[in-house]
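Undergrad: Structural data only, the sequence is not supplied:
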């Protein structure tokens, strides 16, 4: 029976085993085989993740595809997996983006290619594990373990300052995580369970909640990343190889937002309400201030990295605006709009940022420069590429009809219900986003041919068109017809709101 | 009082090991040089048989014998099995190293066996006399082992420093014991416990002084800050197999000594000694983790790392519950397994005339041998406390017990230091993976050594994926 297949376990372990197979069968001596195995594994994993969508029950907020086995019996820790409407789209996003990354690195990575592919496959399994874990310790193990392949990816295949960037990335995220670990142990000491569902029910005083919220925030804010702990991201993005930037922006940042939704909000609802002003403030700083920072970046990857921080500011804004709406109006619908918008924003940003980084990667592979000033007039030599990049640039600046618009619009609509000025500041992003993205686009793509390098560019090849098309599809789909995604999110978001509406005091 | 055969039974593994060691001593004198391997093989066989005896005698409840001066209990049996296992690995790793340097002599194995006997007596000691006897048997064997390479100046310096400081520590410990004897009139751990009382009713100034000296003595032996000065020199100076041996099995014995003195004997004074341990733990975490960053010699760095790990080990004892003791025991076993792999890796990469003990020797290892780079990655990140490796669960266990007794602040302090610690462990990973090798020679090691080191490192990964069994074993050792 199909129902008995441990689907989530397969999605987690198939890529990890595939990664090991790549190293054994392919190895550095036989890179073509390694590539084929890696691609086959990633496609197989993606296909395995599709039944999560087709067989998903839209009518319930319960966890689906649940697997539960004792893991460490002495402390009641279970190998407990399951997805709901919040995590399922993120799992599919992960498996999809990994296929793209493998295709995009096909002939680009020359040094230690087998290890590169294996690292991405292992990383994929660990990220899916983090999204699907229903036991907090299992979550923590996946969450921390995925630092290892990412650390290696940036450090081995990155740019000139890669060692500095990767160690900064590693230590920043590790520091946040260990504080979260202490918080989890504290919750265990209080409630005697590591199951996330049990932690949601645990009554806690406001002081406890505040401290736990802050400990979780240390972990998740670094990952999102929120201002002012975002400084690792531009470094990591700039130095990472293209595939690393794509995974980092498209999936790993989402882990931070996901953590806030899964842990911080339901475990510490009163503290979330109490601190929502601060969180909204930090999100607005990220949206507006980082938006201005992005405008002046001379390096394309850095510009997109800052744009990611700004866009993720929307995701956190949407989550915490919900609390203000609750407190001020008691309206469930308005709050739901904020949270849903935040989730749509995260998923959409996954596709758009992946596409933007890949566009930069396409140019980098040809001229080995990320500086805007080294380009100009690319449209003359790469017209097809320019068209694709136009689409993604417009999506990045939030044009209606692309996925970038839906999330931002929902969050801004939600913010109006809470406070005009919050909505106004958030709305500025439509101007800022257009400014930094389109100005960069103009300088790189339009104008006379900038130099001999640009004059000698060849347009995108079949492989590059393939991954750009694959990314254009979801960007347009979510932009034009977001209903299927919203339907999936709806029950789980409502359930989350009901949980956080009840005070734990 | 007459001794019956039954009284000897609990000590059967020790008696067997002693007899075998004496036998090997005789054999070693008479075998010609080309059959020296016989000494090694006999030593390994004795360790295996002793371990089997310990397992066969695994007790349901504590058994006292020899006028209550020797105890056979579950904690002791578990520790003894791991001591024997680690010694087996240490002897194994050392074989080729010693051969290549013309140090392959019977003395190494004989001294090692006497040290093991000392550890086993120490672990089972239930009176001050047996504890001290075991400790001295262990220490004397170790002094000689450190000086095994007598033509090496560094090794001699390390041995001298170790001998003087350890002798001083023994003196301090003995003075503490004499004060305890003066205060209570007994050398027996059980009687000391009742003299003090469950809540420390018998607390007085002489007893407190005795406690302070005992804690200082043990801290010296374990190398906790501020009594750690000998550790880095010893780790760096001693031949690598000796460092490997000194850095693994005796740590378990040291843990047992801590348990026998503080928990079995002076549990009534828990409030007093746990304050002292808090101080030792924080200082060890700080000094061990911070100073390790500045090291360029891997053995020395691992020496500082040991100091930090002793700090973590104290955390479980500070929690002061049965689960906390189990967490500490889990920690020390896990640490010893990781240290064994780490030093094993140094031995594997070394060859005659090249010790491979500088950090730079690991530069670009991934290009020379991806497999050993991967194994070293497991070992280093495990020591740094990253899941899914075993080292994470060790830290997780002691932190859990600290948080359970509402010492969240100490847990936070220790995780902050673990962040600093992680920095120097990932430095090794950085050198192996992100840098170009300076030495391009292929890694040459005999097949059996390769298999053993792979088993060792993969066990860290496998036990990290399924840590439940080892945790349950440690918990059962303290279940009453």
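TA: Yes, it's here. Just so it is clear, the model here is predicted, and its values are computed rather than measured.

Undergrad: who does the longest helix seen in chain B touch, helix- and strand-wise?
TA: Longest helix of chain B, by residue count under DSSP state H: helix B:153-184. Under the contact criterion of 3 or more CB pairs under 8 Å, 6 or more residues apart in numbering or on different chains; DSSP states H and E, helix B:153-184 touches helix B:128-146, helix B:189-196, helix B:205-222, helix B:230-237. Where you see a C-beta, it was placed from the backbone N, CA and C, and this is true even at glycine.

Undergrad: how much space between residue B:420 and residue B:295?
TA: With distances taken as CB to CB, to the nearest Å, residue B:420 is found 13 Å from residue B:295.

Undergrad: Over to residue A:204?
TA: Relative to residue B:295, and taking CB to CB, residue A:204 is found at 43 Å.

Undergrad: higher neighbour count, these two?
TA: Under the neighbour definition other CB atoms under 10 Å in any protein chain shown, residue A:204 and residue B:295 were set side by side, and residue A:204 has more, 23 against 20.

Undergrad: was I right about that one contacting residue A:211?
TA: No. Residue A:204 lies out of contact with residue A:211 (CB atoms under 8 Å); the separation is 9.5 Å.

Undergrad: Smallest gap between the stretch 151-300 of chain B and chain A, at which residue?
TA: residue B:293 (12.3 Å; CB to the nearest CB).

Undergrad: Longest strand in chain A, please.
TA: Among the segments of chain A that qualify as a strand by DSSP state E, the longest is strand A:64-72.

Undergrad: Give me the mean pLDDT for that strand.
TA: Mean per-residue pLDDT for strand A:64-72: 88.

Undergrad: still on that earlier bit, my guess is the residue of the stretch 151-300 of chain B closest to chain A contacts residue B:423. True?
TA: Yes. Contact criterion CB under 8 Å: residue B:293 and residue B:423 qualify, at 6.2 Å.

Undergrad: which one of those two has more residues nearby?
TA: residue B:423 (17 against 13).

Undergrad: helix, strand or coil for the more buried one?
TA: helix (DSSP: H, G, I helix; E, B strand; the rest coil).

Undergrad: Could you tell me the model confidence score at it?
TA: For residue B:423, pLDDT reads 90.

Undergrad: Identify the residues contacting it.
TA: A:167, A:171, B:293 (CB atoms under 8 Å, 6 or more residues apart in numbering or on different chains).

Undergrad: try residue B:435
TA: Neighbours of residue B:435 in contact, by CB under 8 Å, 6+ apart: B:363, B:364.

Undergrad: For it, grab phi and psi.
TA: Main-chain dihedrals, residue B:435, degrees, to the nearest 10: phi -110, psi 160.

Undergrad: which residues in chain B form strands?
TA: Assigned by DSSP E, chain B shows strands spanning B:63-65, B:70-72.

Undergrad: What is the last one packed up against?
TA: It refers to strand B:70-72. So strand B:70-72, by 3+ CB pairs under 8 Å, 6+ apart, packs with strand B:63-65, helix B:106-124.

Undergrad: Which one, of those, ends up nearest to residue B:218?
TA: Evaluated over the helices and strands packed on strand B:70-72, closeness to residue B:218 peaks at helix B:106-124, with 11.2 Å, by CB to CB.

Undergrad: what is the orientation angle of the closest one with helix B:128-146?
TA: 150 degrees (axes from the mean of the first three to the mean of the last three CA atoms, to 10 degrees).

Undergrad: Give me the helices and strands touching helix B:106-124, please.
TA: For helix B:106-124, the packing partners by 3+ CB pairs under 8 Å, 6+ apart come out as helix B:12-30, helix B:37-56, strand B:70-72, helix B:74-100, helix B:128-146, helix B:240-247, helix B:249-258.

Undergrad: Tell me which of the ones you listed sits most buried.
TA: Ranked by mean neighbour count under mean count of other CB atoms under 10 Å in any protein chain shown, the helices and strands packed on helix B:106-124 are led by helix B:240-247, which reaches a mean of 27.

Undergrad: which outside residues touch it?
TA: B:87, B:90, B:93-94, B:97-98, B:108, B:112, B:115, B:142, B:145-146, B:148, B:234-236, B:238, B:299, B:302-303, B:306, B:336, B:339-340, B:343-344, B:346-347, B:350, B:355, B:357.
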